[in-house]
Every structure is written in C-alpha cells, then in structure tokens.
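A.B. asks: Got a predicted structure here, sequence first:
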Amino acid sequence: MASSFKAELTCSVCLDLFQDPVLTRCEHTFCRRCVLEFWSQQQRNMCPLCRKVCPSALLLRNRVLDGLLETLRQRDKVQLCSDHLLERSLYCPEDQELLCCQCRDSPRHRGHNVLAVADARARYKVRGGEGWGGVGERP
Ligand SMILES: [Zn+2]
Ligand SMILES: [Zn+2]
Ligand SMILES: [Zn+2]
Ligand SMILES: [Zn+2]
C-alpha cells in the first residue's frame, strides 16, 4: 500500500518524487522543472506523456499532490501509521507496538491498555525514536 501511495507521487520524467508538481492541460502531472526542460528541447510544448500540446500559461500548481507530498514528508519525520496516515502517538503494551488513534479503535487492540506514548515512556522505559520494535521489558 505504501508503495502505490509513493508511485502516485512519482514523476514519469525523472522517476523521482515530484518537486513543485504542476498539472498540464491534459491533466498529467510532472515536476515543473521536468516539463520546462522537456519543452526546452521542443518546438511545441507537448506533454511528455501523451504528446498533447499544452500552452505553458496553462501549467497549474497541483495542490492535491502538494498536500500528499507534505504528508509523505511528515510521515518520514513523525512516524505516521502506514495504514491510516495518522501520527502514531499511542502505545499498546500488550503488543509492544506504536499505534495511531484509528489502530487503537480497531478490534485488534480491543481491551488492551493503550497509553499515550509519553506516559508509556515513563511507565515502561520505552526508548524514544528508533528501535520501537525491540521495546523488550514488560512491567
Ligand atoms: Zn520530474
Ligand atoms: Zn498529457
Ligand atoms: Zn493506524
Ligand atoms: Zn494491542
């Protein structure tokens, strides 16, 4: 699931994550610099994908993708849940796992004593940041 999410954010010209994504009139998205570079080698401004001509004035900033890219950056930073794309701010001592609030409400953790990460740190000596998998000791 994570990989397809990432695929949607990949530019078909540079095969990397979009930088400054723009939408052409034919509704294809590329990095701004990729389109402009492509066009600099052309007589006419054709879409790199479908070859339709697109006036450069009609390049629109792709705000939806901008938002998704921001989410992706945040996920790298704060450990977002890969299922729900929410911050994993909770801890389940039974499963020794970090959870988001939707994970907590799922049947898998029903009846588990789920805590805020900050409380869990104090109580179970959970170490911060890296190595959440090997939390180790139970109380
Ligand atoms: Zn690109
Ligand atoms: Zn196109
Ligand atoms: Zn979740
Ligand atoms: Zn649990």
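C.D. replies: Nice, I can see it. These figures come from a predicted structure and were not determined experimentally. Ligands and ions are numbered 1, 2, ... in the order given.
A.B. asks: Report the helix or strand with the lowest average pLDDT across this protein.
C.D. replies: Between all helices and strands in the chain, the lowest mean by mean pLDDT, DSSP states H and E belongs to helix 2-7, at a mean of 63.
A.B. asks: Tell me which helix or strand comes right after that one.
C.D. replies: Along the chain past helix 2-7, the next helix or strand (assigned with DSSP states H and E) turns out to be strand 21-23.
A.B. asks: Quick one: distance of that next one to the chain centre.
C.D. replies: A distance of 17 Å separates the centroid of the chain from that of strand 21-23, by Cα atoms, centre = their mean, to the nearest Å.
A.B. asks: What are the buried residues along stretch 44-64?
C.D. replies: Using 16 or more other Cβ atoms under 10 Å as the test for burial, stretch 44-64 gives Asn45, Met46, Cys47, Pro48, Cys54, Leu59, Asn62. Glycine gets a C-beta too; all of them are placed from N, C-alpha and C.
A.B. asks: Tell me the helices and strands packed up against the helix or strand containing Leu69.
C.D. replies: Leu69 is part of helix 63-78, with elements assigned from DSSP H and E. For helix 63-78, the elements it packs on are helix 2-7, strand 21-23, judged by 3 or more Cβ pairs under 8 Å, 6 or more residues apart in numbering; DSSP states H and E.
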